[in-house]
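S.K.: sequence isn't available, so here's the structure alone:
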């Protein structure tokens with residue numbers, strides 16, 4: 001599954017063509033990323049338990065009629081936590097994230113996740129500085 005994270009306004013998110021192949025312009029390509037993995041990351045960064053996050057995993061989402069492609073808003077608390085995270089901690093955060101059951105099942109490693117975490121930190125900072133939000137798009 002192709003997964004990418006983009007920083008856009010709500011209007012920009014509404015205009016994303018979910019049937020378009022390939023990564024979105026300016027997006028972070030993060031194949032295998034999904035709302036559950038993002039919830040695990042949020043829990044690591046904020047201390048909120050996974051059970052507390054379950055109710056809002058797909059808040060503010062759109063999907064194609066056939067449920068093949070999805071656009072999911074990244075929860076603002078995760079965007080805030082990423083935006084304030086020190087990029088120098090990307091390796092440590094990636095190591096903890098890679099140890100979650102979801103990434104272990106997908107063979108995620110700290111080495112593979114560290115550049116993704118570093119880019120998420122930068123993307124979240126850019127989003128917050130420009131009044132945008134982060135969105136995760138998943139397509140087959």
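M.R.: Happy to help now that I have it. This is a predicted model, so every value here is computed, not measured.

S.K.: in the protein, which spans are strands?
M.R.: When assigned using DSSP state E, the strands of the chain occupy the ranges 2-8, 28-29, 61-63, 70-73, 133-139.

S.K.: can I get those strands in TSV with mean pLDDT and distance to residue 117?
M.R.: (Each C-beta comes from the backbone N, C-alpha and C, glycine too.) TSV is the format used below for the strands of the chain (pLDDT from 0 to 100; distance: least, C-beta to C-beta, whole Å):
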stretch	mean pLDDT	distance to residue 117
strand 2-8	93	11
strand 28-29	94	10
strand 61-63	72	23
strand 70-73	90	18
strand 133-139	92	13
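
S.K.: can you redo those as CSV with distance to residue 102 and mean neighbour count?
M.R.: Formatted as CSV, these follow (distance: least, C-beta to C-beta, whole Å; neighbours: other C-beta atoms under 10 Å):
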stretch, distance to residue 102, mean neighbour count
strand 2-8, 13, 21
strand 28-29, 18, 18
strand 61-63, 19, 15
strand 70-73, 15, 21
strand 133-139, 14, 23
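
S.K.: would you turn these into CSV with distance to residue 118?
M.R.: Listed next are the strands of the chain as CSV, based on distance: least, C-beta to C-beta, whole Å:
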stretch, distance to residue 118
strand 2-8, 13
strand 28-29, 10
strand 61-63, 26
strand 70-73, 21
strand 133-139, 15
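
S.K.: for residue 53, which of the ones you listed is the nearest?
M.R.: When the strands of the chain are compared by C-beta to C-beta, strand 70-73 sits nearest residue 53, at 12.9 Å.
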